[in-house]
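Visitor: predicted coordinates and the sequence they were generated for:
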Amino acid sequence: MPTCSHYGRICSSRLSAAVCAVVAVVAVATAVVGCGEEETGSPTSDGRQPYLSVTEVESVLERTMLALVRTGGGDTSTDREGLVERVREADHSGREFELWVWSSPRIARRERPSLLAAAQEQHGDDARAIRAANVVAVFPDRPESVDVYRVAAEAISRLGAACVRGRDAPERLRRLCFGGDAVPPAGEGVDRDEAEGKGDAVVVDGLHYRPLVARRLNPNIVPDSRMVPNRRPPGKLWFGVFLRVCNETGKTRTASSRLALVNAFGARVKPVELPQSNPFAYDAQQIKPDNCLPREGSVTERAEDGALVLFAVDNAFLTNFPVALEVEGPAGKRERAVLDV
């Protein structure tokens with residue numbers, strides 16, 4: 001394989017500008033995967049360092065039409081200094097790879113060789129580790145030999161190149177690299193102690209609200225394409241809470257329409273209104289005693305996922321764990337069901 005200096009020697013020869021431009025593109029892509037590793041994650045001219053969250057990397061992978069789900073997450077139990085988050089992603093065939101998020105590009109650059117060595121010891125010499133700024137993606141096999149690895153590696157490589165090129169990179173990717181952390185909003189956030197009861201039901205006005213599933217939704221894949229609009233607000237991603245509400249009282253009660261998504265910093269997002277024609281949408285209707293929403297026999301009830309409460313959130317919102325669904329009752333009292341995300 002040509003080295004980084006090899007590309008430099010090519011462009012120092014008397015080649016046309018067009019040829020050198022092609023060579024430059026190849027060099028950038030190669031640098032992200034292997035050579036030039038020490039250069040990825042460079043600061044911009046104003047000194048800003050790139051920083052990526054797991055959610056931001058996932059948003060890039062989602063645009064490739066990969067149907068990925070997290071099969072493990074939030075694991076920072078290792079003694080590695082600067083580790084922010086470690087998650088496993090898998091496609092429908094069960095092919096898994098890992099994303100390691102570090103507190104800075106410098107630490108990610110330092111840790112990448114040891115992650116690669118550990119992966120090769122576990123999976124064999126074909127394992128690979130690719131860095132994009134402060135994130136290292138670890139693949140148990142050569143990306144070019146497995147479709148999901150190849151697509152994911154290419155997307156992460158493009159993201160890594162954007163973090164190197166800064167101002168010259170595509171605007172969407174540059175915003176992910178250099179967007180900067182949002183200022184934590186004022187308000188009471190979800191407490192860490194609350195997270196111990198994640199997935200539990202909360203009772204509001206006699207109704208039991210239980211989030212069955214909470215996950216990102218990708219309009220490019222089935223079945224998500226049947227649940228959510230094709231277009232999201234700029235800079236946002238779709239996040240759905242699939243909710244079951246049961247009336248265990250002796251009187252008819254009305255489900256609350258005052259729901260919100262709240263994170264650890266107290267940021268609050270209201271649901272997106274879905275059309276009544278959407279059979280998966282949550283409908284704040286009356287529930288008779290000993291009955292539940294979604295109603296028995298409905299499309300959503302047969303799917304056993306619950307009724308969809310849809311949110312449009314930015315990339316940073318879900319990284320501020322824990323995250324909860326907040327339900328407000330008729331008297332203004334609020335209860336939170338912490339989500340398993």
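Guide: Great, that's in hand. Since we're looking at a predicted model, the values are computed, not measured.
Visitor: contacts, neighbours, all on C-alpha from now
Guide: Noted.
Visitor: neighbours around the residue nearest to residue 101 when sequence neighbours are not counted, how many?
Guide: Nearest in space to residue 101, with sequence neighbours left out and distances taken as C-alpha to C-alpha, 6 or more residues apart in numbering, is residue 135 at 4.6 Å. Burial of residue 135 is recorded as 31 neighbouring residues (other C-alpha atoms under 10 Å).
Visitor: surely residue 135 meets residue 99?
Guide: Yes. Counting by C-alpha atoms under 8 Å, residue 135 does reach residue 99; the two are 6.7 Å apart.
Visitor: for the residue nearest to residue 338 when sequence neighbours are not counted, phi and psi?
Guide: Leaving aside its chain neighbours, residue 338 sits nearest to residue 324 (4.0 Å; criterion: C-alpha to C-alpha, 6+ apart). With angles defined as degrees, to the nearest 10, residue 324 sits at phi -140, psi 150.
Visitor: identify the residues contacting residue 324.
Guide: 190, 261-263, 336-339 (C-alpha atoms under 8 Å, 6 or more residues apart in numbering).
Visitor: how close does the closest residue to residue 144 other than its chain neighbours sit to residue 141?
Guide: Distances taken as C-alpha to C-alpha, 6+ apart place residue 150 nearest to residue 144, at 5.0 Å, with adjacent residues excluded. Per C-alpha to C-alpha, to the nearest Å, residue 150 is found 10 Å from residue 141.
Visitor: more crowded one of these two?
Guide: Neighbour count, other C-alpha under 10 Å: between residue 150 and residue 141, residue 141 has more, with 22 against 16.
Visitor: state the distance from residue 174 to residue 99.
Guide: For residue 174 relative to residue 99 (C-alpha to C-alpha), the value is 20 Å.
Visitor: equivalent analysis for residue 66, please.
Guide: Distance from residue 66 to residue 99, by C-alpha to C-alpha: 15 Å.
Visitor: distance of the residue nearest to residue 266 when sequence neighbours are not counted from residue 198?
Guide: Spatial nearest neighbour of residue 266, chain neighbours left out: residue 189 (3.6 Å); criterion: C-alpha to C-alpha, 6+ apart. Computed as C-alpha to C-alpha, the residue 189 to residue 198 distance reads 15 Å.
Visitor: cool, residue 56 as well?
Guide: The separation that residue 56 has from residue 198, given C-alpha to C-alpha, amounts to 24 Å.
Visitor: more neighbours: which of the two?
Guide: residue 56 (21 against 18).
Visitor: quick check: mean pLDDT of the helix or strand hosting that one?
Guide: Assigned by DSSP states H and E, residue 56 belongs to helix 54-62. Helix 54-62 comes out with an average pLDDT of 88.
Visitor: how is this structure carved up into domains?
Guide: Here the domain parsing of the chain from automatic domain parsing is 36-178, 194-338.
Visitor: by mean pLDDT, show me the worst of those domains.
Guide: Least confidently modelled of the domains of the chain is domain 36-178, at a mean of 85 by mean pLDDT.
Visitor: tell me how far that domain lies from the chain's centre.
Guide: For domain 36-178, the separation from the chain centroid amounts to 12 Å (computed by C-alpha atoms, centre = their mean, to the nearest Å).
Visitor: same check on stretch 198-217?
Guide: 21 Å.
Visitor: ok, residues contacting that stretch?
Guide: Against stretch 198-217 from outside (C-alpha under 8 Å, 6+ apart): 224, 228, 237-249, 253, 255, 305-306, 325, 327-330, 333-341.
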